[in-house]
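Trainee: sequence unavailable; structure follows:
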């Protein structure tokens with residue numbers, strides 16, 4: 001009988017074959033002896049050259065490749081995660097995306113952190129040093145909270161772009177992620193089960209986000225709308241009404257939060273922030289508009 005793998009790495013692949021190639025190359029160098037699953041929008045034919053060079057299991061999602069709806073395109077990463085996690089067999093499941101490249105201590109750091117079975121283990125996400133101002137703005141709009149170094153105590157957020165879990169814990173809250181693995185919703189459910197955020201100190205990945213400016217606006221608006229719906233709930237309350245009003249300040253609040261994180265974690269990037277903040281503000285404005293729309297709409301009550 002074939003022995004079950006201890007760790008499964010699930011890659012949500014939606015960017016490009018080139019991005020996936022770089023991701024798999026980094027895994028081959030720094031994450032040997034694990035079960036790699038690529039949950040992808042690409043076809044088996046498109047992936048054939050990579051299959052000849054790398055050992056991974058493919059979860060095909062042909063219905064996700066050519067989507068007419070912008071909303072569906074910008075939420076497919078969450079469905080790709082779900083289908084990859086469903087195919088994972090390891091006791092520990094690590095999530096990654098194809099625009100990320102891992103570093104030498106990445107796997108060891110995550111696995112060491114996951115020795116504590118209460119942990120949601122996550123590592124930092126860093127941008128390429130030669131990135132443009134727009135790339136920095138995009139990076140901060142997505143991953144400012146994941147900027148290295150992560151705090152060793154008091155961590156209140158981790159992104160599923162670079163995160164590890166126990167399969168049994170995920171199975172226990174499967175109803176939350178079976179239609180889409182939205183990290184804030186899954187993490188809330190895990191924390192209710194007794195889990196906690198645990199930083200994996202050396203589990204850093206490099207990202208090269210693939211979005212154009214227009215794609216980024218749609219992506220952030222869609223994410224903000226989902227977040228607003230989730231936080232708004234299914235019923236109108238005083239808290240929800242206050243939340244609607246507070247969303248008007250979201251772009252400014254997030255911009256100030258990003259600056260605070262840069263100043264404390266990467267002060268060498270303050271000059272870049274000064275030049276990039278107008279673009280960053282527009283991106284955060286798309287998130288804020290989505291959050292306002294989602295809060296007004298709320299989430300459908302489940303019976």
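Mentor: It's in. These figures come from a predicted structure and were not determined experimentally.
Trainee: which parts of the stretch 1-150 of the chain are strands?
Mentor: 7-13, 35-40, 57-60, 92-97, 100-102, 119-122, 125-127 (DSSP state E, counting those that start in this stretch).
Trainee: how big is the angle separating the first one from strand 35-40?
Mentor: An angle of 20 degrees separates the directions of strand 7-13 and strand 35-40 when computed by axes from the mean of the first three to the mean of the last three C-alpha atoms, to 10 degrees.
Trainee: strand 7-13 to strand 92-97, inter-axis angle?
Mentor: Using the same axes, to 10 degrees, strand 7-13 lies at 20 degrees relative to strand 92-97.
Trainee: chain center to strand 7-13, what's the gap?
Mentor: Distance of strand 7-13 from the chain centroid (C-alpha atoms, centre = their mean, to the nearest Å) equals 12 Å.
Trainee: check the fifth one too.
Mentor: The gap between the average C-alpha position of strand 100-102 and the chain average comes to 13 Å, counting by C-alpha atoms, centre = their mean.
Trainee: show me the contact partners of it.
Mentor: For strand 100-102, the external contacting residues (C-beta atoms under 8 Å, 6 or more residues apart in numbering) are 22-23, 25-27, 30-31, 96, 125, 161-162, 204-208. All C-beta atoms are positioned from the backbone trio N, CA, C, and that covers glycine.
Trainee: from residue 225, how far off is the closest residue in space to residue 300 that isn't next to it in sequence?
Mentor: Distances taken as C-beta to C-beta, 6 or more residues apart in numbering place residue 234 nearest to residue 300, at 6.6 Å, with adjacent residues excluded. To residue 225, residue 234 is 15 Å away according to C-beta to C-beta, to the nearest Å.
Trainee: which ones are touching residue 43?
Mentor: Residue 43 touches 60, 62, 65, counting by C-beta under 8 Å, 6+ apart.
Trainee: which residues touch the worst-scoring helix or strand of the chain on mean pLDDT?
Mentor: Least confident helix or strand, the chain: helix 238-246 with a mean of 86, by mean pLDDT, DSSP states H and E. Here helix 238-246 makes contact (C-beta under 8 Å, 6+ apart) with 231-233, 292, 295-296, 298.
Trainee: can you pull out the low-pLDDT segments for the chain?
Mentor: 1-4, 129, 301-303 (pLDDT under 70).
Trainee: relative to helix 238-246, how tilted is the helix ranked longest in it?
Mentor: If you go by DSSP state H, the chain has its longest helix at helix 270-297. Here the directions of helix 270-297 and helix 238-246 differ by 140 degrees (the same axes, to 10 degrees).
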